[in-house]
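> Here is my input, please return the structure:
(chains A and B)
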Amino acid sequence: GAVVSQHPSRVICKSGTSVKIECRSLDFQATTMFWYRQFPKKSLMLMATSNEGSKATYEQGVEKDKFLINHASLTLSTLTVTSAHPEDSSFYICSARKLAGGETDTQYFGPGTRLTVL
Amino acid sequence: AQSVAQPEDQVNVAEGNPLTVKCTYSVSGNPYLFWYVQYPNRGLQFLLKYITGDNLVKGSYGFEAEFNKSQTSFHLKKPSALVSDSALYFCAVRDSGRDDKIIFGKGTRLHILP
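Residues are numbered from 1 along each chain as shown, chains lettered A, B, ... in the order given. Below you'll find the predicted structure:
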């Protein structure tokens, strides 16, 4: 299998607070993990690519100081939205690519995290 | 730069009829092509991919897609639609000669009418 989990599935926070979202590959090691943002009725926007043990690569227009990414192990990446504001409200989805064991070309997606900032 | 187009925002099909969801792509190298499905408030589920080999690719839930190099297309098909196939479908492409990133189309909402 290739199961990716995200926690929490839903979070509501006050403006100005920070929120951490975890992405875990449950039954495989992931060489690379990706973080996407999806607006209502829109496609996925790639925010950043993270590799274990190195700094994340952010897409143009994504503030690295606001969206902190840590890829601490081959099975865990975290996205922290710092000083969240209502415009950060969105559906955040992570994905992971296998390190080995076949199907290394495919990204497997987590179930997503719905962030609402009041 | 790679890109992918899904020309239809929505496709309506009667249950039991064949369905097609269109996708065209543009890459500078050889394409890796993917289809994903998304149900409401859920992440994306992998359906199928084309990397190399046979142009007709079979995937999950009875879906298949045909890679057409001359038309730069990778349309998703199913011979007989089910109501449960109603969802949002994304086509995606990765340039095999470049980095890890895959680019998603804007998505096509598929409505299967009972």
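> which element is residue A:95 on?
Using DSSP states H and E, residue A:95 maps to strand A:90-98.
> Sheet-wise, list the partners of that strand with their directions.
strand A:30-38 (antiparallel), strand A:107-109 (antiparallel), strand A:113-117 (antiparallel) (DSSP bridges).
> gap between the two ends of stretch B:17-33?
By CA to CA, to the nearest Å, the extent of stretch B:17-33 from end to end equals 25 Å.
> looking at it, residue A:15 is touching residue A:117, isn't it?
Yes: here residue A:15 reaches residue A:117: they are 5.7 Å apart, a contact under CB atoms under 8 Å. For the C-beta atoms, the positions are set from N, CA and C on the backbone; glycine is no exception.
> more neighbours, the two?
residue A:117 (20 against 12; other CB atoms under 10 Å in any protein chain shown).
> Which residue lies closest in space to that one, excluding its sequence neighbours?
residue A:84 (4.5 Å; CB to CB, 6 or more residues apart in numbering or on different chains).
> ok, now how distant is that neighbour from chain B?
Remark: distance between residue A:84 and chain B (CB to the nearest CB, to the nearest Å) = 20 Å.
> For residue A:92, see how far away residue B:35 is.
22 Å (CB to CB, to the nearest Å).
> So which of the two has more stuff around it?
residue B:35 (27 against 23).
> Check the contact between that one and residue B:76; I expect there is one.
Yes: using CB under 8 Å, residue B:35 is in contact with residue B:76, at 5.1 Å.
> where do the contact lists of the two overlap?
Common contacts of residue B:35 and residue B:76 (CB atoms under 8 Å, 6 or more residues apart in numbering or on different chains): B:23, B:47, B:63, B:65, B:89, B:91.
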